[in-house]
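# Have a look; sequence and predicted model below, questions after that.
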Amino acid sequence: MSNKATLNLDGKSFEFDIVTGSEDEKCVDISSLRSETGYITMDPGFGNTGSCFSSITYVDGTNGILQYRGYPIEEVAEKASFVEIAYLVLYGELPNEEQLREFSAGLKEHAPLHTNLEHHFSGFPKSAPPMAILSAMLNLVSCFHPEVLEVTSAGAEFERTATLLMSKVRTIAAFAYRMAAGKPINHPNPHLGYCGNFLHMMFSDPYQEYQVSPVVEKALNLFLILHADHEQNCSTSTVRVVGSSRANLFSSVAAGVCALWGPLHGGANAAVIAMLEDIRVSGKKPEHCIERAKDKNDPFRLMGFGHRVYKNFDPRSIILKKQVHKLLAELNIEDNLLDLALELEEATLKDDYFISRNLYPNVDFYSGILLRAIGIPLNMYSVMFAIGRMPGWIANWKELLDHKQRISRPRQIYTGKTKRPYVTLMER
Ligand code: CMC
């Protein structure tokens, strides 16, 4: 088979390399297209455009496969800790005992925030969305650690900065919630692990330390693993675009938080719960939502359904669905939103609209029910996604710099007015 693709344009023939990835994915390398032909490609939303070579995460959307550095999501979700997976995503290999000990020690060391940084939380209005606080505070952290602004993608300084960021995001998230809820902040407890410490900072009270339930801790651990990376999604691409200007790691991931916020991306987990609540309160049948989602004159979409890459079940939604059943049983919780979600999923799987467009539940469909069960408030759901996605964002920023990738600068086809003379105000 030829390893070249031929393009015929304006009576001339051009050849471009065909590149094959390690899982046999194929692409036509058109990086010289414009200089050779004068043409550009048009691909709004980048559905057919590879923006980088990456060895972090592999997704096969046709077969519902997700692997972190080669490890199947099903295996890591069952057996690993989030801290191990964060290390794997960041550095390419699972840590040995000593590496894990050192990484965990770094996460503990960097958990507290500078006292002056803590004061900034009280400047936000009570109604401030935690995603806005998170994004702002991530940039602010770098002001208190100016050395991190100079960090490159390799060496001990990078490792220290990556650990600092992984740790601080969790403290900022918990403090944002406490401030918004009008509750005093809980400082990190160095005796607790990554997930346990987050739960403590969220839920301990001055007179009653939160007893970290192993069941809840395990569920949170799983949630974070499932969100650790997902190749070139909207927020990760944003991190790469921002980082490609050689912006520092903190401002790059702060931009990632903003991209994640939208309801078509990380905001979908909260939107699913809002949608299910709406069905419950209104007493309407789930089919009502399905009909609205199918109506092209209605902007409503079935939240937690569909995916740019998966044209099959999102493997994360399968894991989450099982975990949600298990968690509710273990915590002895009955949540009728789960019944509604199951009803909705069942109805879509029989509906031609969803079948013909390969629309299946994505990671956000069941994750909100899990977060609800462990007591996370609705406005924190996307923040939880951001905590989970942090290793992926950092790893992609690192890879971008390691590969010395060019600045991201897409082209366009101009459709505005052609050249015309300026008209003075008097003449208009
Ligand atoms: N409800 C109803 N119709 C849908 C939905 C949905 N949730 N998703 C896609 N479609 C239809 C869409 O209208 C289009 O129909 P047609 O061909 O008749 O025009 C077709 O399916 C293809 O959709 P698309 O908009 O071209 O697909 P996309 O790849 O651009 O968008 C998506 C992907 C995830 C933004 C979209 O499926 C969606 O809006 N889903 C709901 C929001 C959601 O759950 N987002 C979380 C995504 S997964 C985790 C993450 O990345 O954060």
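Good, I have the coordinates.

# Could you use CA atoms for every contact and neighbour count after this?
OK.

# Helices of the stretch 251-400 of the chain, start to end?
268-282, 286-294, 315-331, 336-349, 352-356, 363-373, 381-402 (DSSP state H, counting those that start in this stretch).

# how about these in JSON lines, adding mean neighbour count, distance to the ligand and mean pLDDT?
Converted to JSON lines, these look like this (neighbours: other CA atoms under 10 Å; distance: least, CA to the nearest ligand atom, whole Å; pLDDT from 0 to 100):
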{"stretch": "helix 268-282", "mean neighbour count": "19", "distance to the ligand": "5", "mean pLDDT": "95"}
{"stretch": "helix 286-294", "mean neighbour count": "16", "distance to the ligand": "5", "mean pLDDT": "92"}
{"stretch": "helix 315-331", "mean neighbour count": "18", "distance to the ligand": "10", "mean pLDDT": "97"}
{"stretch": "helix 336-349", "mean neighbour count": "16", "distance to the ligand": "10", "mean pLDDT": "96"}
{"stretch": "helix 352-356", "mean neighbour count": "13", "distance to the ligand": "7", "mean pLDDT": "96"}
{"stretch": "helix 363-373", "mean neighbour count": "25", "distance to the ligand": "6", "mean pLDDT": "97"}
{"stretch": "helix 381-402", "mean neighbour count": "25", "distance to the ligand": "8", "mean pLDDT": "98"}
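
# what ranges do the helices span in the stretch 101-250 of the chain?
Taking DSSP H, counting those that start in this stretch as the test, the helices found in the stretch 101-250 of the chain are 115-121, 130-144, 155-180, 194-203, 214-226, 234-244, 249-261.

# so can I have a markdown table of those showing distance to the ligand, mean neighbour count and mean pLDDT?
Shown next, in a markdown table, are these (distance: least, CA to the nearest ligand atom, whole Å; neighbours: other CA atoms under 10 Å; pLDDT from 0 to 100):
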| stretch | distance to the ligand | mean neighbour count | mean pLDDT |
| --- | --- | --- | --- |
| helix 115-121 | 27 | 12 | 90 |
| helix 130-144 | 14 | 19 | 94 |
| helix 155-180 | 18 | 22 | 95 |
| helix 194-203 | 22 | 24 | 97 |
| helix 214-226 | 11 | 21 | 97 |
| helix 234-244 | 7 | 24 | 98 |
| helix 249-261 | 7 | 24 | 97 |
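
# Of these, which is nearest Thr20?
In terms of CA to CA, the element of those nearest to Thr20 is helix 234-244, at 21.2 Å.

# Okay, domains of this protein per the record?
With domains defined by automatic domain parsing, the chain comprises 4-65, 73-264+386-402, 268-374.

# Endpoints of the shortest one, how far apart?
Using CA to CA, to the nearest Å, the span of domain 4-65 from its first residue to its last is 28 Å.

# Include distance to Ser408 when you put the domains of the chain into a markdown table, please.
Formatted as a markdown table, these follow (distance: least, CA to CA, whole Å):
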| stretch | distance to Ser408 |
| --- | --- |
| domain 4-65 | 9 |
| domain 73-264+386-402 | 5 |
| domain 268-374 | 21 |
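
# Out of the ones you listed, the one nearest Val423 is which?
For those, proximity to Val423 was assessed by CA to CA; domain 4-65 is nearest, at 33.2 Å.

# mind checking how far that closest one is from the chain centre?
Offset of domain 4-65 from its chain centre (CA atoms, centre = their mean, to the nearest Å): 25 Å.

# Mind checking if it is in reach of the ligand?
No - using CA under 6 Å from any ligand atom, domain 4-65 never reaches the ligand; the gap is at least 7.1 Å.

# Val141 contacts Glu118, correct?
No - if you go by CA atoms under 8 Å, Val141 and Glu118 don't touch, sitting 10.2 Å apart.

# what pLDDT does Gln310 get?
Rather than Gln, residue 310 is Tyr. pLDDT for Tyr310: 96.
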